[in-house]
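In: next one to model:
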Amino acid sequence: MLNPLAQVSLERLRRRTSVKWRQFPDDVLPLWVAEMDVDLAEPVKQAIVDALDLGDTGYPAGTAYQEALAAFAEQRWGWKLPLERTALVSDVMLGIVELIKLVSGPGAPVIVSPPVYPPFYLFVQSMGRAVVEAPLRLGRLDLNVLEWTFQHVKADRPVYLLCNPQNPTGTVHTAEELTALARLAETYGVRVIADEIHAPLVSRSTGFVPYLSVDENGMSLMSASKGWNLAAMRAAVAISNTDDLARLPEEVSHGPSHFGTIAHAAALREGGEWLDALLAGLDDNRKLLKNLLTEHLPGIGYEPSEATFLAWLDCRAISDDPAAFFVERGRVALMSGAEFGSGGAGHVRFNIGTSPEIITEAVHRMAASR
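Out: Okay, here's the model as predicted:
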């Protein structure tokens, strides 16, 4: 199968009306928000076309999405998902909010490990909850810092939000790291909720470890959204190793769109070949970006990751505010590392979920801006 990242021209991409292509003027290359520059996988497109032809535009029903995810998880990760302990939610972050309310004490803080996905801060703070940081160390979980934080957070049933795989670094947490985290959480009475939206985007040579495979009290949110570029069709699955999801308010299940459940189920059930071609393309793009930066911008630090379509660049040698620097002087839009919490300043997140030609042009612009 052809590389999905090499099939859509820049001219055609600029006709799109999503936020990626409308946030900045047309002379800016947008490599900031987590949308990929791909066309839909054919099975997903066909499933939506079939629904439209049938006039199947009502409310979602049944468990086809959860069943497709369970089959995908067993085939790809060797993990038997507890199908009877799942619930549909509108998307991963709104699902996380509902799970926080479900399992934590009133007003209990939420612990995160920055640099991490900015909505971990935004959504938690909008709930009126405090965010407590337990920073990563060299891009990985710092178990000593986590233990100290878990031990000293004085609250009724605090929550730790785990990003697995990690956004923005692309780190894939090992079974040993996750098992150690689960033991700490059990010891100190902390519930772990894992955002695993990027799980399908782990290199086949590395392998993904679902958090619930190591924590009997764990909870997870999964979605086909990132793996198949389906942000416009909202749907996600909440999963638990406990019976807590039975207490979710009934109205939470009203959030997913019917098109979302159809598209996500089709992706998981029939989109494996497309996903494998995408993963190969992402591996190539990581190598390309590394080579380009080494040649043209050796002052930027970058180590290719094992997951996601995101690259985390250390630009402290170039600017204190590299995102502003590159968009103003190079007309390349990247996401500011400052938005990712402690440890993010001086960094940018670069979206490699695009064509090799666009990545090359972006680095050439960045180099010329100095």
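
In: distance of residue 74 from residue 206?
Out: According to C-beta to C-beta, to the nearest Å, residue 74 stands 18 Å off from residue 206. C-beta: built from backbone N, CA, C; applies to glycine.

In: before we move on, what about residue 322?
Out: Relative to residue 206, and taking C-beta to C-beta, residue 322 is found at 28 Å.

In: who are the packing partners of the longest helix anywhere in the chain?
Out: Among the elements of the chain assigned as helix by DSSP state H, the one spanning the most residues is helix 272-296. Applying 3 or more C-beta pairs under 8 Å, 6 or more residues apart in numbering; DSSP states H and E, we find helix 272-296 packed against helix 225-228, strand 310-314, helix 356-368.

In: report the buried residues of the helix or strand following the second one.
Out: Going down the chain from strand 310-314, the next helix or strand is helix 322-329, by DSSP states H and E. Buried residues in helix 322-329, counting neighbours by 16 or more other C-beta atoms under 10 Å, are found at 322, 323, 325, 326, 327.

In: kindly reformat the residues you listed as TSV containing distance to residue 92 and pLDDT.
Out: Output for these, formatted as TSV (distance: C-beta to C-beta, whole Å; pLDDT from 0 to 100):
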residue	distance to residue 92	pLDDT
322	28	98
323	24	98
325	31	97
326	28	98
327	27	98
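
In: and of those, the nearest to residue 190?
Out: The closest of those to residue 190 turns out to be residue 323 (C-beta to C-beta; 33.1 Å).

In: need the contact list for that closest one.
Out: Contacts for residue 323 (C-beta atoms under 8 Å, 6 or more residues apart in numbering) come out as 32, 333, 334, 335, 336, 337, 338, 348.

In: go on, residue 336?
Out: With contacts defined as C-beta under 8 Å, 6+ apart, residue 336 is in contact with 321, 322, 323, 324, 344, 348.

In: one more time with 6 Å, if that's ok
Out: Residue 336 makes contact with residue 323, according to C-beta atoms under 6 Å, 6 or more residues apart in numbering.

In: model confidence score at it, please.
Out: The predicted local distance difference test score for residue 336 is 98.

In: in the sheet, who's paired with it?
Out: Applying DSSP bridges to residue 336 gives these bridge partners: residue 348.

In: against residue 345, how distant is it?
Out: With distances taken as C-beta to C-beta, residue 336 is found 9 Å from residue 345.

In: same question, residue 102
Out: Relative to residue 345, residue 102 is positioned 34 Å away (criterion: C-beta to C-beta).

In: these two: who's more crowded?
Out: Between residue 102 and residue 345, residue 102 has the larger neighbour count (other C-beta atoms under 10 Å), namely 19 against 16.

In: next secondary structure element downstream of the helix or strand encompassing that one?
Out: Counting by DSSP H and E, the secondary-structure element that holds residue 102 is helix 92-103. Taking DSSP H and E as the definition, the helix or strand that follows helix 92-103 towards the C-terminus is strand 110-112.

In: that next one: what's the following helix or strand?
Out: Tracing the chain past strand 110-112, the next element assigned as helix or strand by DSSP H and E is helix 119-126.

In: so that next one versus helix 92-103, what angle?
Out: Orientation check (axes from the mean of the first three to the mean of the last three C-alpha atoms, to 10 degrees): helix 119-126 against helix 92-103 gives 50 degrees.

In: in helix 119-126, what's buried?
Out: Residues of helix 119-126 classed as buried by neighbour count (16+ other C-beta under 10 Å): 119, 120, 121, 123, 124.

In: pretty sure residue 314 contacts residue 301?
Out: Yes - under the criterion of C-beta atoms under 6 Å, residue 314 is in contact with residue 301, at a separation of 3.4 Å.

In: quick one on the thing from earlier: the longest helix of the chain versus strand 310-314: what angle between them?
Out: Going by the same axes, to 10 degrees, helix 272-296 makes 20 degrees with strand 310-314.

In: what is the mean pLDDT for helix 272-296?
Out: Mean predicted confidence for helix 272-296 is 98.

In: can you give me the buried ones in it?
Out: 272, 274-275, 277-282, 284-286, 288-289, 292-293.

In: quick one: the helices in the stretch 151-300 of the chain?
Out: 175-188, 225-228, 258-270, 272-296 (DSSP state H, counting those that start in this stretch).

In: pop out the phi and psi values for residue 131.
Out: Reported as degrees, to the nearest 10, the phi and psi values for residue 131 are phi -100, psi 130.

In: apologies, that question was intended for residue 215.
Out: Dihedral angles (degrees, to the nearest 10) for residue 215: phi -130, psi 110.

In: can you report how many residues lie near the nearest residue to it once chain neighbours are set aside?
Out: Nearest in space to residue 215, with sequence neighbours left out and distances taken as C-beta to C-beta, 6 or more residues apart in numbering, is residue 182 at 3.7 Å. Under the neighbour criterion other C-beta under 10 Å, residue 182 is assigned a count of 20.
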